[in-house]
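1. Have a look at this prediction, sequence included:
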Amino acid sequence: MNIMLTGGSLLFVMGVGVIATYPNVPTWPLIAVVCSVALIVGIGGFPTSYTVWLAVDLRMNPLTEEELADAAAHAK
């Protein structure tokens, strides 16, 4: 999910950058902006994507009674 979010934002930023500067596309400034967006979105989106995938996994594979008891024992 994080890869899709980062890849989608990269395509969006590249597309907007190329369309906005079409006749003379500044390659290195555009690469710098795209790399910055990749780092910011990749690192910033990690907690959200991790949480969503964990929720999906727990929905598909619910905890067993043994796992719930073990978690309760460790929480004390």
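-> Great, that's in hand.
2. what about Thr6, neighbour count?
-> 21 (other CB atoms under 10 Å). For the C-beta atoms, the positions are set from N, CA and C on the backbone; glycine is no exception.
3. Renumber starting at 175 from here on
-> Understood, numbering begins at 175; the last thing we discussed is Thr180.
4. per-residue confidence for it?
-> The model reports Thr180 with a pLDDT of 92.
5. again, but for the one 5 residues further on
-> Looking at Leu185, its pLDDT reads 96.
6. same deal with Met175?
-> 78.
7. My understanding was that it contacts Trp227; is that so?
-> Yes: counting by CB atoms under 8 Å, Trp227 is a contact partner of Met175 at 6.0 Å.
8. residues touching Val192, list them.
-> Taking CB atoms under 8 Å, 6 or more residues apart in numbering, we find Val192 in contact with Val199, Leu204.
9. tell me which residues of whichever strand or helix holds it are tucked away?
-> Using DSSP states H and E, Val192 sits within helix 176-194. Under the neighbour-count criterion of 16 or more other CB atoms under 10 Å, helix 176-194 has Asn176, Leu179, Thr180, Ser183, Leu184, Val187, Met188, Gly191 buried.
10. How about the first one, nearest residue that isn't a chain neighbour?
-> Among residues not flanking Asn176 along the chain, Ser223 sits closest, at 4.0 Å (CB to CB, 6 or more residues apart in numbering).
11. now do the last one
-> Counting by CB to CB, 6+ apart, Leu204 is the residue found nearest to Gly191 once chain neighbours are left out, at 4.7 Å.
12. Tell me which residues of the helix or strand where that neighbour lies come out buried.
-> Per DSSP H and E: Leu204 is located in helix 201-218. Buried residues in helix 201-218, counting neighbours by 16+ other CB under 10 Å, are found at Leu204, Val208, Val211, Val215, Gly216.
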